[in-house]
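Peer 1: Return atomic coordinates for the entry below.
(one chain, ligands or ions: 2)
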Amino acid sequence: MTNSGGVHTPTYDRAEVSAGILHFGVGNFHRSHQAAYLDRLLRQGKARDWGIVGVGLFPRDERLGEILRAQDFTYTLVELGGDGHRTATRIASIVDFLHAPSEPDRVREHLASPGIRIVSLTITEGGYNTSDVTGEFDTADPGILADVGARNPRTVFGILAEGLHLRRERGLAPFTVVSCDNVPGNGEVTRRALVAFARLAYGEEFAGWIEDTVSFPDSMVDRITPVTTDAERALVRDTFGIEDGWPVVCEPFTQWVFEDDFPLGRPPWEDAGAQPVADVAPYELMKIRLLNGSHQAIAHTGLLRGHTYVHEAMADPEVTGLVRRYLAEAVRTLRPVPGIDLDQYLTELTERFANPNIRDTLARIATDASDRLPKFLVPVATRLSREGEPAPASASVLAAWAVRTVRNLSEGGPLDDRQAERLAAAARAAGTDPAGFLGNREWFGDLGDDKRFTADFRAAYDYYGRG
Ligand SMILES: NC(=O)c1ccc[n+]([C@@H]2O[C@H](COP(=O)([O-])OP(=O)(O)OC[C@H]3O[C@@H](n4cnc5c(N)ncnc54)[C@H](O)[C@@H]3O)[C@@H](O)[C@H]2O)c1
Ligand SMILES: O=P(O)(O)OC[C@@H](O)[C@@H](O)[C@H](O)[C@H](O)CO
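Peer 2: Residues are numbered from 1 along each chain as shown. Ligands and ions are numbered 1, 2, ... in the order given. Next up is the predicted model:
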């Protein structure tokens, strides 16, 4: 690796890197994680035929495309340690970026080309359009219905199904689809979603072909990656002398555990520090329940207590006390994780949350809580409830979310949630009895039927409501 003025610049010739991965959802996380792993391999002289072509579906992505294009698709990734240590790397593993609505044919051609052997996704929890309770893909969603028979589909599932259909017509083996989102069982959720869409749009035979031939490896991904603001742009300019329209900052910690099931091959990610395993589930449950579940505890109580950043909330004993109690509940629901010392994991997690330099906002992690809590924390409470165990800390996190929602509504503020209407309905149901908030079975399953859990929820709701 060369180090020019404190910046690690690419040591490989980008002209020699060809496309092998099509990635949907080129957000900050993809750029701090999967693209960084590949960049590390390219610096080792490996994976030259696995360059990433990004695909965006929304107007915001068009802006990212413009910026990346102007920078020859390179960008600055800055790792900010809790001790003040900073490193900048110019990442060059993304070789192109397509905005699907304006260039559908180019997306189609990539999907149906032999070079593309992996399609990866970071499309957020909500992007899977799947019920957390039943695991069913929502085929009544207007966006999904509009994609059935569409000339140019606009959802990830519409586009992927079309790409696979075309591949099959051309006699090409299907690409592997790997989700890198914080969704428990993300491989299986993606498989079910794509098969359901294919059944709807193309019929049973094609859906069966996908089920039989396409691989959907599971993965656990981790690296706290905040939103980029002008402060990060200024940091990159002032510290490293780089003008970057959309740099990414993140913590130094990074982890990627994946199921090794890639029929058309894959980059040797393990040479960049990722871990191929036979069963991702224990890693995934550990990470999602401990890290992402705690994030929800920090976000909702932290905001109620007037904090802005995660590290600020982590200096508040009221917040850390709840996080500690929630973690004790979550740990009880986990099975042993091969190679992981949970005590050490928890110590490191608390240090990561307290990193003041990444300036991760509570707003980022509180947004779309209705997509997140049912995946991250409700399963902890449900598991304990079914075993007849109390889960008062989990109830407190849900109560803090309910109080924030009711307060935001009464103040006329935005709910900042993809499912704002459903959330407003839950808040209205809390009007007569706070536990009415738990009535949405899509989010909370049968937790509302557990008398002890609802009593704990009510008590916590009163507590936060008074504050
Ligand atoms: N940021 C992190 O710390 C972090 C860490 C681990 C995992 N993740 C995973 O990555 C996801 C994205 O995080 P991010 O920080 O990159 O967010 P981001 O907002 O920077 O990017 C999200 C990207 O997903 C796209 N997207 C959103 N909804 C979509 C949909 N329905 N269909 C297709 N594309 C869609 C957006 O256009 C954008 O490109 C998270 O939801 C999570 O599952 C994030
Ligand atoms: O990105 P989400 O929606 O899955 O959840 C918000 C945060 O908890 C998450 O982004 C974490 O920072 C991340 O999962 C750390 O690896």
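
Peer 1: ok, now how distant is the residue in the stretch 301-450 of the chain positioned nearest to ligand 2 from Ser179?
Peer 2: At 4.5 Å from ligand 2, Ile365 is the closest residue in the stretch 301-450 of the chain, using C-beta to the nearest ligand atom. Using the backbone N, CA and C atoms, a C-beta is placed for each residue, glycine as well. Look at Ile365 and Ser179: by C-beta to C-beta, to the nearest Å, they are 20 Å apart.

Peer 1: The two: who's more crowded?
Peer 2: Neighbour comparison, Ile365 and Ser179: the larger count goes to Ser179, with 28 against 22 (by other C-beta atoms under 10 Å).

Peer 1: does that one really touch Arg191, like I thought?
Peer 2: No. If you go by C-beta atoms under 8 Å, Ser179 and Arg191 don't touch, sitting 9.4 Å apart.

Peer 1: what do these two both touch?
Peer 2: Both Ser179 and Arg191 are contacted by Phe216, under the criterion C-beta atoms under 8 Å, 6 or more residues apart in numbering.

Peer 1: Mind pulling the model confidence for Met178?
Peer 2: Slight slip there: residue 178 is Val, not Met. At Val178, the pLDDT value in this model is 98.

Peer 1: secondary structure element for it?
Peer 2: Assigned by DSSP states H and E, Val178 belongs to strand 176-179.

Peer 1: Could you do Thr454 as well?
Peer 2: helix 451-466.

Peer 1: Not counting its neighbours along the chain, what's nearest Ala328?
Peer 2: Closest residue in space to Ala328, ignoring its immediate chain neighbours: Ala393 at 7.3 Å, by C-beta to C-beta, 6 or more residues apart in numbering.

Peer 1: can I have the helix or strand where the one you found lies written out in CSV, keeping just the CAs?
Peer 2: In the assignment (DSSP H and E), Ala393 maps to helix 392-410. The C-alpha atoms that make up helix 392-410 are tabulated as CSV, following Å, rounded to 0.1, in the frame of the first residue of the first chain:
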residue,chain,number,x,y,z
PRO,A,392,-38.5,-5.5,31.1
ALA,A,393,-35.5,-3.8,29.3
SER,A,394,-36.9,-4.8,25.9
ALA,A,395,-40.3,-3.5,27.0
SER,A,396,-38.6,-0.2,28.0
VAL,A,397,-37.1,0.3,24.6
LEU,A,398,-40.4,-0.2,22.9
ALA,A,399,-42.1,2.1,25.4
ALA,A,400,-39.4,4.8,24.7
TRP,A,401,-40.2,4.5,21.0
ALA,A,402,-44.0,4.7,21.7
VAL,A,403,-43.5,7.8,23.9
ARG,A,404,-41.4,9.5,21.2
THR,A,405,-44.0,8.7,18.5
VAL,A,406,-46.9,10.0,20.6
ARG,A,407,-45.0,13.1,21.4
ASN,A,408,-43.9,13.7,17.8
LEU,A,409,-47.4,13.3,16.6
SER,A,410,-48.9,15.7,19.2
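
Peer 1: Can you give me the buried ones in it?
Peer 2: 392-406, 408-409 (16 or more other C-beta atoms under 10 Å).

Peer 1: quick one: the helices in the stretch 51-200 of the chain?
Peer 2: Under the criterion DSSP state H, counting those that start in this stretch, the stretch 51-200 of the chain carries helices at the ranges 59-70, 104-111, 142-147, 156-169, 186-202.

Peer 1: In JSON lines: the ones you listed, plus distance to ligand 1, mean neighbour count and mean pLDDT.
Peer 2: Formatted as JSON lines, the helices of the stretch 51-200 of the chain follow (distance: least, C-beta to the nearest ligand atom, whole Å; neighbours: other C-beta atoms under 10 Å; pLDDT from 0 to 100):
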{"stretch": "helix 59-70", "distance to ligand 1": "5", "mean neighbour count": "15", "mean pLDDT": "96"}
{"stretch": "helix 104-111", "distance to ligand 1": "12", "mean neighbour count": "17", "mean pLDDT": "98"}
{"stretch": "helix 142-147", "distance to ligand 1": "8", "mean neighbour count": "15", "mean pLDDT": "97"}
{"stretch": "helix 156-169", "distance to ligand 1": "5", "mean neighbour count": "21", "mean pLDDT": "98"}
{"stretch": "helix 186-202", "distance to ligand 1": "8", "mean neighbour count": "22", "mean pLDDT": "98"}
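
Peer 1: who wins for proximity to Phe453 among these?
Peer 2: When those are compared by C-beta to C-beta, helix 186-202 sits nearest Phe453, at 25.8 Å.

Peer 1: Off-centre distance for the closest one?
Peer 2: 19 Å (C-alpha atoms, centre = their mean, to the nearest Å).

Peer 1: What is the subsequent helix or strand relative to that helix?
Peer 2: Using DSSP H and E, the first helix or strand after helix 186-202 is helix 204-213.

Peer 1: average pLDDT for that following helix?
Peer 2: For helix 204-213, mean pLDDT is 98.

Peer 1: Name the next helix or strand downstream of that helix, please.
Peer 2: strand 219-222.

Peer 1: Which strands and helices lie in contact with the next helix or strand after that next one?
Peer 2: Using DSSP H and E, the helix or strand that follows strand 219-222 in sequence is helix 230-240. If you count contacts as 3 or more C-beta pairs under 8 Å, 6 or more residues apart in numbering; DSSP states H and E, helix 230-240 packs onto strand 75-80, strand 86-91, strand 248-250.

Peer 1: Great, nothing more from me.
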